[in-house]
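Engineer: From the sequence below, what's the structure:
(2 chains)
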Amino acid sequence: MSSDKSTNASPTAGKTLNLEQQRVRAAYMFLAPMLIMLLIVAAWPLFRSISFSFTDATANTIFNGQSEWIGFDNYVEKKVRSNGTVRWKGVLVDKDWWNAVWNTVRFSIVSVALETILGLLVALVLNAEFKGRGLVRAAVLIPWAIPTIVSARMWGWMLNDQFGIINEIMLTLHLIDKPIAWTASSDTAMIAVLIVDVWKTTPFMALLILAGLQMIPRDMYESARIDGIHPLRVFWRVTLPLLRPAILVAVIFRALDALRIFDLIYLLTPQSDSTITMSVLSYRELQQFGDYGEGSAMSTLLFLIITGFVLLYIKLGRVDLSGEKS
Amino acid sequence: MPTTPFWRYMFYAGVVAIVIIAVFPFYYAVMTSFETGTAIFKPNILPEMFSWQNYAQVTGQRAFASSILNSVFIASTTVFCALLLAVTASYALARVRFRGRSLLLMTILGVSMFPQIAVLSGLYELVNFLGIYNRPWALVMSYTIFTLPFTVWVLTTFMRELPTEIEEAAIVDGATPWVIITKVFLPLLWPALVTTGLLAFIGAWNEFLFALTFTISEDMRTVPVAIALLSGASVQEIPWGPIMAASVIVTVPLIILVLIFQRKIVAGLTAGGVKG
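Structural biologist: I've put the predicted structure just below:
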């Protein structure tokens, strides 16, 4: 009986194994073009950028191979003068760099927090049933559809100190008594950047959260209502916990975007020290000053910070980004 | 939807506020684009005059016309290449179990999210080495960094949701993986391809950092760079009228596309983020 079973089972088992092997082999073939492409356009340039950060490469020496390996000197370098005084040089002791780090962190935390709260509000509104919901949803998508460069220009015009509509509205409402130089003044430049960023990316946040909201079964609210539980309590006890995964994922996507922000700040507040971020500073070092060593050191540090952030977030939040475990 | 009258009013007030905040800046840009002379410098909510002059000025510049062509060419080529490579790759990632699949997926997601500036100097070297500096191909190549991982990612989530029965039936009929992709899955994937392609197109169309770095001459610029570097007679004098006209020209097609494909776009955006 048992031998009969095994003779029956073995040919099929052998066949499925072959089929499975064949599929796995095909899978590797299918993945190869993409992987080769990513190696060329992403992995190799990343490796080269990191390498540059250990050399004294400049715009002139980057192509002729005359740049020299200088170890960690771009990051931190101890210099002893002839009179014995010690001076530290390099990105890690650079005031401008730490200013940029602080700006980036400040910007990321405030913008992502505001976008999450406002995105949640907008998502809750869009999740309710009311007349014209389709139109409102369409309207909300408009800021998302507008290129960042265009929205930077549009808002730059609206926030203009002399002719801007924002100042005009606030003057008429007596909120301010004289026009504010939003993008030029160091006190308000960051606020200006935050306004534009929140305006532009809240729709993205709202849509991600809305998708999470729509997966919560309606009858859950129904039964809570019948039981006479206050809506706010339902929100805190039912909606928010169920939304947690969706919000966590949305927050990580946005935070990564915020940490690398470049376009908006480069265009809206190009001169301001109070908004310059890691990406913008690194770009200035590379393109304007042609210092490929130090510029690459900055971009490498930014890369490390972002990688560290992602690992930490995945560990702490136990976010299943790959969707494999569902 | 709140049930008491007071909260219902508050709710509708909120809805109106959301719509106004979302739409007003673009409305204001459109209005400004039709104003010239001194009218442009008067902050007003309703238009004071109507003139096509700014549009005539912008479209009259040869460089602006060629930057639109550059953007169209670069964005469509990038999307085409990305989709071509992504369809087979995402089949492997969604449908075949192999060792290291989760890690590979996470790496791909990581590539799509890492800061562009981190590869800038290495890519600059590569672009010069290949002799494509200041050529559209430099941008087509560099945009692959974010369009390819993104398309692979979204297509993988779409492909996971296709019923296994179809594939099993094809396997029983003796179909090879290649036949399964081209004959069985591809016809089902068209909506997903349109969505993903559209999102990747928008991403490539809007990209700024690489376009700014890898082009030098005016006729090689893409639209965002052209708008960012649009300058007047002097540095101080920003030509707001023409800038707004140019902004409206490049944004209106995007807005129309987004509104037409609204539902598909939302599905695509959330495909990676929220598990269905």
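
Engineer: is it fair to say A:R87 lies in a helix?
Structural biologist: No - counting by DSSP: H, G, I helix; E, B strand; the rest coil, A:R87 is not part of a helix but strand.

Engineer: Surely it and A:R81 touch.
Structural biologist: Yes - with contact defined as Cβ atoms under 8 Å, A:R87 reaches A:R81; the gap is 6.6 Å. Using the backbone N, CA and C atoms, a C-beta is placed for each residue, glycine as well.

Engineer: Chain neighbours aside, what residue packs nearest to the residue most central in space within chain A?
Structural biologist: Central residue of chain A (Cα atoms, centre = their mean): A:D257, 1.5 Å from the mean position. Distances taken as Cβ to Cβ, 6 or more residues apart in numbering or on different chains put A:T201 closest to A:D257, at 7.4 Å, once the chain neighbours are dropped.

Engineer: Now that neighbour: which helix or strand?
Structural biologist: helix A:189-213 (DSSP states H and E).

Engineer: which helices and strands does that helix pack with?
Structural biologist: Using 3 or more Cβ pairs under 8 Å, 6 or more residues apart in numbering or on different chains; DSSP states H and E, the elements in contact with helix A:189-213 are helix A:95-127, helix A:133-145, helix A:148-158, helix A:240-259, helix A:263-268, helix B:5-33, helix B:262-273.

Engineer: How about stretch A:287-299 and chain B, touching?
Structural biologist: Yes - contact of stretch A:287-299 with chain B (Cβ under 8 Å from any Cβ of the partner chain) involves A:287, A:292, A:295-296, A:299.

Engineer: Secondary structure, distance to B:A138 and pLDDT for the residues you listed - can I get that in a markdown table?
Structural biologist: Converted to a markdown table, those look like this (DSSP: H, G, I helix; E, B strand; the rest coil; distance: Cβ to Cβ, whole Å; pLDDT from 0 to 100):
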| residue | secondary structure | distance to B:A138 | pLDDT |
| --- | --- | --- | --- |
| A:Q287 | helix | 15 | 88 |
| A:Y292 | helix | 18 | 91 |
| A:G295 | helix | 19 | 93 |
| A:S296 | helix | 19 | 94 |
| A:S299 | helix | 19 | 94 |
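
Engineer: Selecting buried members of those in ChimeraX, what would you type?
Structural biologist: Selection of buried members from these for ChimeraX, criterion 16 or more other Cβ atoms under 10 Å in any protein chain shown:
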select /A:287,292,295,296,299
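
Engineer: element containing the residue nearest in space to the middle of chain B?
Structural biologist: Nearest to the mean C-alpha position of chain B, by Cα atoms, centre = their mean, lies B:I202 at 1.4 Å. Element membership of B:I202, judged by DSSP H and E, is helix B:186-206.

Engineer: how about that helix, does it reach chain A?
Structural biologist: Yes - using Cβ under 8 Å from any Cβ, helix B:186-206 reaches chain A at B:202, B:205-206.

Engineer: which other helices and strands contact that helix?
Structural biologist: Contacts defined by 3+ Cβ pairs under 8 Å, 6+ apart place helix B:186-206 against helix B:62-95, helix B:136-160, helix B:240-260, helix B:262-273.

Engineer: how big is the angle separating it from helix A:133-145?
Structural biologist: 50 degrees (axes from the mean of the first three to the mean of the last three Cα atoms, to 10 degrees).
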